[in-house]
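**Student:** Just a sequence and a predicted model for now, questions to come.
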Amino acid sequence: MSSSAGKLFRISTFGESHGGAVGVVVDGCPPRLPLSLEEIQRDLDRRRPGQSHLTTPRQEADRAEILSGLFEGRTLGTPIAIVVRNADARPQAYESMRTIYRPSHADWTTEAKYGIRNWQGGGRASARETIGRVAAAAIARKLLATQAGVEVLGWVHSVHELEARIDPASVSLAQVEANPVRCPDAAVAAAMERRIDEVRRQGDSLGGVVECVARGVPAGLGEPVFDKLEAELAKAVLSLPASKGFEIGSGFGGTRMTGIEHNDPFEPGADGRPRTRSNRSGGVQGGISNGEDIVIRVAFKPTATIRLAQDTVDSDGRAVTLEAQGRHDPCVLPRAVPLVEAAVLLVLADHWLRQRALDAIPR
């Protein structure tokens, strides 16, 4: 079972939802990068459970511990190991479901593949695994910000049928964090909050879309064939729990345009490099970043665990009715925002290091 990603900025996550701990090992971070535990904790606090009435009531402080790779506030260039202990694990809550396959979960498929599964909250398939990705991405965020001037920011674009109107070029972190939904459009955010709370009380769930922008990305990241930058971004975000769709730039909307309508005309930039007048490409052309903002959208399905009765089967093939227990988000979107940011940051950090290696070769 592979739990690793990246070529030069490499991560390996570990741990189960209701085990002793979860975490990550980051290999390939350059030495002498100033880094503090507080910078890692800041991103972990944005994904932790129990933030509001819109999220799971599981109470986890998610306090990170750095076990290696950091000395006197700077990275050593050696593997950085980060662990987060599980404090509010309740594996007994899943006892009644140990032989039941939960609809739209990884229970049946995991057992079909490996012949064994951790039925306590889903094990590795749980969204709690993403703690390691977010912790690693906090390091990638610091690396990209200080050495490349890159900023990555995500927000909730839509929940169910409620859609915000947001300009990716101008949205700020303060606007995103101004409400528990993490939607910068305050009026739509209020409607989203009411809708999520209504569905939560009904025992049901909702899905939606997270939008994310990467600003200041230099031209040249990515490769023209199998490692196209948009392909790498798609793989990263579609590996997140509950993700079901990916768009970049105009996305599927571009199919309703003609070529002349969709193409991004070039014009001279202030630095002498070509710039595009529009950004329907979403910052990537031919698999390589073009220096414009990278804008992506990720679709997330409604949370699979709901309190409403559902038809399913058990491991003996008998039809049963499931009324799920446990603590789950009625809508994953608010907590998915830092996960999408993490996926983008990890891909960009890896490709930035790969490009830096290429740039070291005389042209």
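**Tutor:** Nice, I can see it. Numbers count the residues shown, from 1 in each chain.

**Student:** what sits against Gly122?
**Tutor:** Counting by Cβ atoms under 8 Å, 6 or more residues apart in numbering, Gly122 touches Ser17, His105, Ala106, Asp107. (Glycine included, C-beta is placed from N, CA and C.)

**Student:** Which one of those residues is nearest to Thr146?
**Tutor:** For those, the minimum distance to Thr146 (Cβ to Cβ) is 33.4 Å, reached by Ser17.

**Student:** Please report the distance of the closest one from Lys244.
**Tutor:** Distance, Ser17 to Lys244, by Cβ to Cβ, to the nearest Å: 21 Å.

**Student:** contacts for stretch 243-259?
**Tutor:** 207, 230, 233-234, 237-238, 262, 279-284, 294-301, 336.

**Student:** Now do the buried residues in it.
**Tutor:** Ser243, Phe246, Glu247, Ile248, Gly249, Ser250 (16 or more other Cβ atoms under 10 Å).

**Student:** ditto for stretch 301-310
**Tutor:** Neighbour-count burial for stretch 301-310 [16+ other Cβ under 10 Å]: Lys301, Pro302, Thr303, Ala304, Thr305, Ile306, Arg307, Gln310.

**Student:** Need the buried residues of stretch 243-259 in a markdown table (columns: pLDDT).
**Tutor:** Below are the buried residues of stretch 243-259 laid out as a markdown table (pLDDT from 0 to 100):
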| residue | pLDDT |
| --- | --- |
| Ser243 | 97 |
| Phe246 | 98 |
| Glu247 | 98 |
| Ile248 | 98 |
| Gly249 | 97 |
| Ser250 | 97 |
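
**Student:** can you give me the strands in the stretch 51-200 of the chain?
**Tutor:** 64-66, 70-71, 74-75, 80-85, 151-159, 162-163 (DSSP state E, counting those that start in this stretch).

**Student:** closest one to Thr13 among those?
**Tutor:** That would be strand 80-85 among these, by Cβ to Cβ, at 9.8 Å.

**Student:** which residues are in contact with the host helix or strand of Lys235?
**Tutor:** For Lys235, the host element (DSSP states H and E) is helix 229-238. If you take Cβ under 8 Å, 6+ apart as the criterion, helix 229-238 is touched by 5, 221-223, 243, 246, 248, 282, 284, 287-289, 294, 296, 298, 340, 343-344, 346-347, 350-351.

**Student:** mind saving the C-alpha coords of that helix as PDB?
**Tutor:** Taking Å, rounded to 0.1, in the frame of the first residue of the first chain, the C-alpha atoms of helix 229-238 are listed here in PDB:
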ATOM      1  CA  LEU A 229       1.500  20.300 -14.000                       C
ATOM      2  CA  GLU A 230      -2.300  20.100 -14.300                       C
ATOM      3  CA  ALA A 231      -2.100  16.300 -14.300                       C
ATOM      4  CA  GLU A 232       0.000  16.300 -11.100                       C
ATOM      5  CA  LEU A 233      -2.400  18.800  -9.500                       C
ATOM      6  CA  ALA A 234      -5.300  16.600 -10.500                       C
ATOM      7  CA  LYS A 235      -3.800  13.500  -9.100                       C
ATOM      8  CA  ALA A 236      -2.900  15.300  -5.800                       C
ATOM      9  CA  VAL A 237      -6.400  16.700  -5.200                       C
ATOM     10  CA  LEU A 238      -8.300  13.600  -6.400                       C
END
